[in-house]
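Q: what follows is a protein structure lacking sequence information:
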């Protein structure tokens, strides 16, 4: 983080990568040894349990890939390069807090550590109007959401008398003196967190913010930030509010159904790749909302974990293919991809694999993500699964648009597409991970 | 050995797609021939008492009860023979023309072969589903990259139609899976033991039916088919009609009816009605076609309608007929599409009216085409006959009226095939057809093999009937209504 201060520009990326890899190594090691880390020391604030470890591991994997991508994505930055890496790493710290909190205060602090660097990152292209707009929108909406979230926490505290998530869970289980206050608090928490994970009807900021932000930052928002949002959502609801789940499950089910349906049907009409990806990311939020519904059931946490990993890797691969096509040519429409399979077969292949994986077409990794998620939800909410399945079928249509442009369209464009070596590495690593997940999805699912 | 049939083409496909070596044609053909040799050996060393041979069963995703389990009983062997017999023929026939980007084309064909073998070998429900869907990706790319006019719109319809169809099958499989006892399992033997109420079984069966009906296709789910067949490159059309549509029929025999016998009595009358309607409807349209390729596409709907009716009748005659007819229809339709391709490449048209008199200038072609055409019309002593005879007999046993209506297919079939043959081959030559060159060596080899199979299997249908006899008896005995 401080390397930028000393003007050691060339050192920034290696140091970042090394640090991330070391962190990933540590979390993978503690996962395999079943070591609780220093969880016991600070249990009142956070506990680095298996859940937190595995989510940290998958987020670090995504951020590692993103960092590889950033070496080219951030190529135009000069003095502020160090700041960018610092902000991303800060944000990542926030995410880790959100994976491991056992106290509402830590959740709140985690969300803030995650969000504030993002507001800055979204607006990091100062001379670009869209980027400014994105930052302002994101900040205003985020500030509102934070306020609502905080208000919700206060009400929950008021009714249960504690910030500790496990203690809240126990209190809710026993029944609280003022159930109205508790319900109001839960409702506000749902609203606040839905803002953060961009679920309908609190999603309006997402497409503009995704489109306006620099590509690398968008990829970060769509993957690591979303993972953090859902991991926190799930952790909170599975430990604290299972006692009154009949109260909030109707709302969550409605949000899930609406989110996937509205966003999918909007995505069909997009002509810009990045905006399509924004709506696609909202629709995946809809599928993931279903996992909150079955919080606490065996397999539901593993399902979110696997889904998040497959989704993140495919999204990062897609963005890395997108930036080499769109950035140098200044064209982000689907037509920019015309004839790509002839010009750059590797980029086209990576993009095609990511799109098919996001669409959940077997045998690609994304299918297993969907499969585990849907089968966990199937027993309790079969009708919601039917809606989700129909939506996955609809989504095939817009994911195929890119493939059609790359492989089948005869019209050519004159764009030149070059692959920088760092992006090539990201792509190869991404494809390897997708292949591994295709062959052995059970290993990730079984982590938690 | 089952495992080899999947993994060999898969590795070869990855090699062709990623490494793009030279000598692509030879590699592809060699893999096709090797696979055929493996399947012949597998068939030779198997037992035909209805048991599963050459099993491989390894744990894959244990948390979800999914195992990588493959093996073949008599029906599986028949399907494997069909797939791996047609593959070298399809690859060889593709080689008589220039194709852009050959590594990609043959890589996709081999990926398709791996997936098809996987479909016919899987004894695990989820594995079956995964291969079933995997087969869709390469064929979609083949048809959309190398296809003709309107290929993007047509293939998109095809893709979404079949993808949605299989999603319903996934829901059905999942429903059955959740009903299996203990820690759930997708193994065929476990799924088949699930007892359902009639209402549940009806929904589950409909899920399967939708997937398979789209694939076959059965009327009224056939609307994607004629356009896709016409638009696709010939290799793609052969894969689709020769092998891929059999995935649907096979799925009905292996999965749909054994899984949900409780719903058979309720739903079969409707399915039968659809199948028989499809036969008549497609035959009438075929008679009216002027585009030769489209004519064969519709004839394919009619034939597969009869096969589907034979399966739904669920008696010995119907099942045996549908199995042998799947093989023979595959052989004939590959031959016919190759004939269309030959004519189109030489004349630049598929319109029957613009042909004529070809028999005069290309006698070798005329004879081979004649034999294949007779097979398609199901003349006795050609391979089409035993299948159609058994099928009609099976449908007749189920319901006399339906049998009688389905029998129209023979008359219509003779009408449209003889008409097409006459218009193309006889009459006066025109400026175009006078220049028609007779077959070259490679073309003669492909058509010659097909014609020889038409005759051999016509004389000795027992070779095939023996393969499946034991398995059909066992299936009929084990599925209780």
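A: Received, thanks. Just so it is clear, the model here is predicted, and its values are computed rather than measured.
Q: which helices and strands does the longest helix seen in chain B pack with?
A: For chain B, the longest helix by residue count, based on DSSP state H, is helix B:316-347. Identification of packing neighbours for helix B:316-347 by 3 or more CB pairs under 8 Å, 6 or more residues apart in numbering or on different chains; DSSP states H and E yields helix B:74-94, helix B:234-238, helix B:245-251, helix B:292-313, helix B:363-377, helix B:384-398, helix B:441-459, helix B:462-478. Quick note: C-beta positions are derived from backbone N, CA and C, even for glycine.
Q: look up phi and psi at whichever residue of the stretch 1-150 of chain A sits closest to chain B.
A: Proximity of the stretch 1-150 of chain A to chain B (CB to the nearest CB) peaks at residue A:54, 14.2 Å away. Main-chain torsions, residue A:54, degrees, to the nearest 10: phi -70, psi -40.
Q: surely it touches residue A:445?
A: No - with contact defined as CB atoms under 8 Å, residue A:54 does not count as touching residue A:445 (10.3 Å).
Q: what touches both of these two?
A: Contact with both residue A:54 and residue A:445 is made by residues residue A:305, according to CB atoms under 8 Å, 6 or more residues apart in numbering or on different chains.
Q: and the helix or strand containing residue A:398, what does it pack onto?
A: Applying DSSP states H and E as the criterion places residue A:398 in helix A:382-403. Secondary-structure packing of helix A:382-403 (3+ CB pairs under 8 Å, 6+ apart): helix A:245-267, helix A:273-293, helix A:345-359, helix A:365-378, helix B:151-179.
Q: any chance of the ones you listed in CSV with distance to residue A:319, mean neighbour count and mean pLDDT as columns?
A: As requested, the helices and strands packed on helix A:382-403 are arranged in CSV below (distance: least, CB to CB, whole Å; neighbours: other CB atoms under 10 Å in any protein chain shown; pLDDT from 0 to 100):
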stretch, distance to residue A:319, mean neighbour count, mean pLDDT
helix A:245-267, 16, 19, 91
helix A:273-293, 7, 26, 92
helix A:345-359, 9, 24, 92
helix A:365-378, 15, 26, 90
helix B:151-179, 25, 21, 89
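Q: and those helices as TSV, adding distance to residue A:318?
A: What follows is those, written out as TSV (distance: least, CB to CB, whole Å):
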stretch	distance to residue A:318
helix A:245-267	14
helix A:273-293	7
helix A:345-359	4
helix A:365-378	11
helix B:151-179	19
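Q: what residues does the stretch 251-400 of chain A put near chain B?
A: Applying CB under 8 Å from any CB of the partner chain, we find that the stretch 251-400 of chain A lies next to chain B at A:299, A:302, A:356, A:361-363, A:367-368, A:371-372, A:374-375, A:378-379, A:385-386, A:389, A:392-393, A:396-397, A:400.
Q: just to revisit the earlier point, dump the residue contacts of the residue of the stretch 1-150 of chain A closest to chain B.
A: A:27, A:31, A:305, A:447-448.
Q: check what pLDDT it gets.
A: pLDDT, residue A:54: 88.
Q: ok, now the one 4 residues further on?
A: Confidence per residue is given as pLDDT, and for residue A:58 that number is 90.
Q: so residue B:32 makes contact with residue B:93?
A: No - assessed by CB under 8 Å, residue B:32 is found out of contact with residue B:93, at 11.3 Å.
Q: element containing the spatially closest residue to the residue of the stretch 1-150 of chain A closest to chain B that is not a sequence neighbour?
A: In this structure, residue A:54 finds its nearest non-sequential neighbour in residue A:447, 4.3 Å apart by CB to CB, 6 or more residues apart in numbering or on different chains. Under DSSP H and E, no helix or strand contains residue A:447.
Q: ranking helices and strands of chain A by mean pLDDT, which lands last?
A: helix A:9-33 (a mean of 73; mean pLDDT, DSSP states H and E).
Q: mind listing what's buried in that helix?
A: A:12-13, A:15-16, A:20, A:23-24, A:26-28, A:30-31 (16 or more other CB atoms under 10 Å in any protein chain shown).
Q: pLDDT value on whichever residue of the stretch 1-150 of chain B sits closest to chain A, please?
A: Proximity of the stretch 1-150 of chain B to chain A (CB to the nearest CB) peaks at residue B:61, 3.8 Å away. At residue B:61, the pLDDT value in this model is 84.
Q: contact partners for the closest residue to it other than its chain neighbours?
A: Spatial nearest neighbour of residue B:61, chain neighbours left out: residue A:442 (3.8 Å); criterion: CB to CB, 6+ apart. Going by CB under 8 Å, 6+ apart, residue A:442 touches B:60-64, B:66.
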